[in-house]
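Asker: Have a look at this prediction, sequence included:
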Amino acid sequence: MALLTQVITGFLGAGKTTLITALLGARPAGERWAVLVNEFGQIGIDQTAWAGDDVVVQEVPGGCICCAQNLPMQIALGRIAQMAGIDRLLVEPTGLGHPAQILATLREPHWQPLLQVGATVCVIDARQLTDQRMTSHDTFQAQVAVADVLVFSKADLLDAGDRERALAFAGSLQPAKALTVFADPAHVDAAWLDVAPRAQPVRRRSLLHLAPTHAMSAPVEVVPQTPPYHYHEQALEHEVGGWILPADWCFRHDDLLTLLLSWQGLARLKGVFHTDRGWISVNITPADCGIRSSEYRADNRVELISPDPRDWAGDEASLLALLAPAQGAGDDQHQSAQQQHRQHAEALPGGQA
């Protein structure tokens, strides 16, 4: 039987990962789901949200799985489709990605025996509907256009005006969406995914059909498994960069949060940190700050997305200055960790000192 596959799209900061986490928690007993997640940068952060859960996670870091002929995406899809015992696949594209191409890819004839494309969900933070920069953005409009279901997230934070604005926005769409709902982590229903998708025209292509003239995406470079690792690059008119640091490097909790909240102008910051108060997961957008305990233990990792240039070397120095000495080790280990990072910096792929 073909694997039921659904795209969960939405702009940066809309709450896609939070919704998927809640949907996984609400899935029927005995069902096993998989998630294919596309991180905007090279460091996988979203997959840490499902650490410890019985969830199959495949990452496609770097670039965008919405791009035509994306080889890493095809490989990840193939791996999941061949697994036994998977009942549903959720695909989470990057918040800056156009979802139409990924849906076209999922509907390609060679996937039809293996994948059944279900309803597409678009997640929207209703508070952002007053931001014309977002609502006029081509990607936001494309995400809304392909959706069968609109989910207005963070409902517990919305006031009456936000809700009225959201309903008016949904009511203005043509054709009308099959379902419009408000969600927060405590109010999510997996049945929302069972809406019938809109009918799609059947496309049949000759085996001799020539592929589009887009360059095929190169295989994604694997992030080194031995940290520390860091990089930064430009993509889709944004700067993105991040760090992976050893699991035993511990940060001073309060000072770390003060620093992260002081980094202004970011479109998004996500990270998982080992602190002197335990492991925490951090998700910061211009509208929200989420901090919670984390089951992820493999390493410290953080990634920033910024519409403006950043002083990456300065950010790194500020971050490393918050390392806490290991218990009983004094300042020597703190200094050793910083020295180790500097020694690795130039040698690592993509590393910037």
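Answerer: Perfect, I can see it now. Since we're looking at a predicted model, the values are computed, not measured.
Asker: for stretch 28-43, the distance to its chain's centre please.
Answerer: 9 Å (Cα atoms, centre = their mean, to the nearest Å).
Asker: Could you do stretch 284-292 as well?
Answerer: Here stretch 284-292 is found 14 Å from its chain centre; the criterion is Cα atoms, centre = their mean.
Asker: List the buried residues in that stretch.
Answerer: Across stretch 284-292, burial judged by 16 or more other Cβ atoms under 10 Å covers I284, T285. C-beta coordinates here come from the backbone N, C-alpha and C atoms, glycine included.
Asker: what secondary structure does A287 sit in?
Answerer: At A287 the chain is in coil, as set by DSSP: H, G, I helix; E, B strand; the rest coil.
Asker: quick one: it from H230, how far?
Answerer: Computed as Cβ to Cβ, to the nearest Å, the A287 to H230 distance reads 27 Å.
Asker: just D315 next, same as before
Answerer: Noted for D315: a distance of 10 Å to H230, by Cβ to Cβ.
Asker: How about D138?
Answerer: According to Cβ to Cβ, D138 stands 31 Å off from H230.
Asker: who has more neighbours, the two?
Answerer: Using other Cβ atoms under 10 Å, the more surrounded residue of D138 and H230 is H230, with 25 against 8.
Asker: Please work out how many residues are found near S136.
Answerer: Counted with other Cβ under 10 Å, S136 comes out at 9.
Asker: now do E295
Answerer: 13.
Asker: and the nearest residue to A298 once chain neighbours are set aside, what does it touch?
Answerer: Spatial nearest neighbour of A298, excluding adjacent residues (Cβ to Cβ, 6 or more residues apart in numbering): A247 at 6.1 Å. The neighbourhood of A247, defined by Cβ atoms under 8 Å, 6 or more residues apart in numbering, consists of H274, R297, A298, D299, N300.
Asker: so the first one is in which element?
Answerer: Under the assignment given by DSSP states H and E, the secondary-structure element containing H274 is strand 268-275.
Asker: again, but for the last one
Answerer: N300 is located in strand 299-306, with elements delineated by DSSP H and E.
Asker: Before I go, just wanted to say thanks for your time.
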